[in-house]
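A.B. asks: what follows is a predicted structure for the sequence shown.
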Amino acid sequence: MIKKVRAPIRIDFAGGTTDIKPFTDIYGGAVLNAAINHYVVGELDATNSTTHLEYTGDIPTSSGLGTSSAMNVVFIALITHLNDKNKISEAVYNLEHSISESRVNGKQDMYAAAFGGINYMEFKGDKVKVHALNLKKELIQELEKRLVLVYSGKSHLSGTSNKAMIDNLIKGKNDKNLLRIKEIAGEMKNSLLKGDLYEFARLMNCETEERAKLSKVTLSPQLKSIIDSGMKNGGIGAKICGSGGGGSILMFAEDRKKLVSHFGKKVIPFKFDFEGLKWK
């Protein structure tokens, strides 16, 4: 029997790191993110008393786009009989937490891969609530037109940067910054519900500004250079994808043609995915 599934990767708009313990235990976290139409596809061939598992994907791991968790969502969906997306997401989190050297893992990536769509997620202790945003088709299309995803070419190691941020939280150094990042996620959600994309772009910049304060490794000179050049060439908003240090940058374009031309082959074209984990 051959079993096939696919799961999307994600872009995160705001709130990352607030989905990690102990922040979720102490304050509760909130994230705004969206699944996009780049996928990890898995195939399990369990014929002839042998098992062969194969993955394919068009985005590199360490891109800051949740590729590793999308791969693990596919893995759990293939090797178990689970078909509940909440249970699959929780199983992926437990798997990643058990094999992580730092034991510092967030929850947004696997839920984005499993559920798809544009979601506002709330985290409190071990509980996760996924709120799908019901946006008008015209707004979704305009958002897709305005957002430009740029790959830096440098690998992103979320465990390293997340650990530095959480270490600072434990030391009492960045509680206020993380709380502000959590607030920004809610404000960005409201800006989308109101259809105010210029406010959305402004809040992207606010998130990046606060995120840069969390750890010295978050906004590397290379990422800062990409953001600065993008803002001079058609961009009015910029958000570090994932925990930073490398990976990708999400830009909001005032002049899309100019911005895409500036970054050239570094641009990753995308549309939103509203299916999430899909059994084929």
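C.D. replies: Cool, the structure landed.
A.B. asks: what are the buried residues along the longest strand seen in the chain?
C.D. replies: Using DSSP state E to define each element, the chain has its longest strand at strand 29-45. Within strand 29-45, the residues that count as buried by 16 or more other Cβ atoms under 10 Å are 29-36, 38-44. No exception for glycine: its C-beta is placed from N, CA and C like everyone else's.
A.B. asks: same deal with stretch 57-77?
C.D. replies: Those would be 57, 59, 62-77, for stretch 57-77 by 16+ other Cβ under 10 Å.
A.B. asks: what angle separates the next helix or strand after the longest strand of the chain from strand 29-45?
C.D. replies: The C-terminal neighbour of strand 29-45 among helices and strands, as given by DSSP states H and E, is strand 52-57. Strand 52-57 runs at 130 degrees relative to strand 29-45, counting by axes from the mean of the first three to the mean of the last three Cα atoms, to 10 degrees.
A.B. asks: this structure: strands as residue ranges?
C.D. replies: 2-14, 29-45, 52-57, 118-124, 127-132, 147-151, 235-240, 248-253, 278-279.
A.B. asks: need these in TSV with distance to residue 104 and mean pLDDT, can you?
C.D. replies: As requested, the strands of the chain are exported to TSV (distance: least, Cβ to Cβ, whole Å; pLDDT from 0 to 100):
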stretch	distance to residue 104	mean pLDDT
strand 2-14	16	95
strand 29-45	13	96
strand 52-57	24	79
strand 118-124	14	99
strand 127-132	17	98
strand 147-151	24	97
strand 235-240	17	98
strand 248-253	20	98
strand 278-279	30	95
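A.B. asks: and those strands: which comes nearest residue 175?
C.D. replies: Residue 175 lies closest to strand 29-45 among the strands of the chain, at 12.5 Å (Cβ to Cβ).
A.B. asks: what's the angle from that closest one to strand 127-132?
C.D. replies: For strand 29-45 against strand 127-132, the angle by the same axes, to 10 degrees is 90 degrees.
A.B. asks: now do strand 29-45: which elements does it pack against?
C.D. replies: On a contact count with 3 or more Cβ pairs under 8 Å, 6 or more residues apart in numbering; DSSP states H and E, strand 29-45 meets strand 2-14, strand 52-57, helix 67-79, helix 108-115, strand 118-124, helix 175-194.
A.B. asks: so how many other residues sit close to residue 222?
C.D. replies: 14 (other Cβ atoms under 10 Å).
A.B. asks: typo on my end, residue 1
C.D. replies: 6.
A.B. asks: what sits closest to residue 181 if chain neighbours are left out?
C.D. replies: residue 210 (5.1 Å; Cβ to Cβ, 6 or more residues apart in numbering).
A.B. asks: tell me who's in contact with that neighbour.
C.D. replies: The neighbourhood of residue 210, defined by Cβ atoms under 8 Å, 6 or more residues apart in numbering, consists of 177, 180, 181, 184.
A.B. asks: okay, it: pLDDT?
C.D. replies: The model reports residue 210 with a pLDDT of 94.
A.B. asks: thought residue 78 was touching residue 40?
C.D. replies: No: between residue 78 and residue 40 there is no contact under Cβ atoms under 8 Å: 11.0 Å.
A.B. asks: against residue 249, how distant is the residue nearest to residue 262 when sequence neighbours are not counted?
C.D. replies: With Cβ to Cβ, 6+ apart as the measure, residue 233 is the residue that lies nearest to residue 262, at 3.9 Å, once sequence neighbours are left out. Plainly put, residue 233 is 13 Å away from residue 249 if you go by Cβ to Cβ, to the nearest Å.
A.B. asks: who's more crowded, the two?
C.D. replies: Neighbour tally, residue 233 and residue 249, criterion other Cβ under 10 Å: the higher count belongs to residue 249, 25 against 16.
A.B. asks: gap between that one and residue 194?
C.D. replies: For residue 249 relative to residue 194 (Cβ to Cβ), the value is 25 Å.
A.B. asks: now residue 65
C.D. replies: 27 Å.
A.B. asks: and for residue 110?
C.D. replies: For residue 110 relative to residue 194 (Cβ to Cβ), the value is 29 Å.
A.B. asks: residue 128 touches residue 120, doesn't it?
C.D. replies: No: here residue 128 lies out of contact with residue 120, judged by Cβ under 8 Å, at a distance of 11.6 Å.
A.B. asks: okay, now the unreliable bits of the stretch 151-280 of the chain?
C.D. replies: 155-165, 170, 173 (pLDDT under 70).
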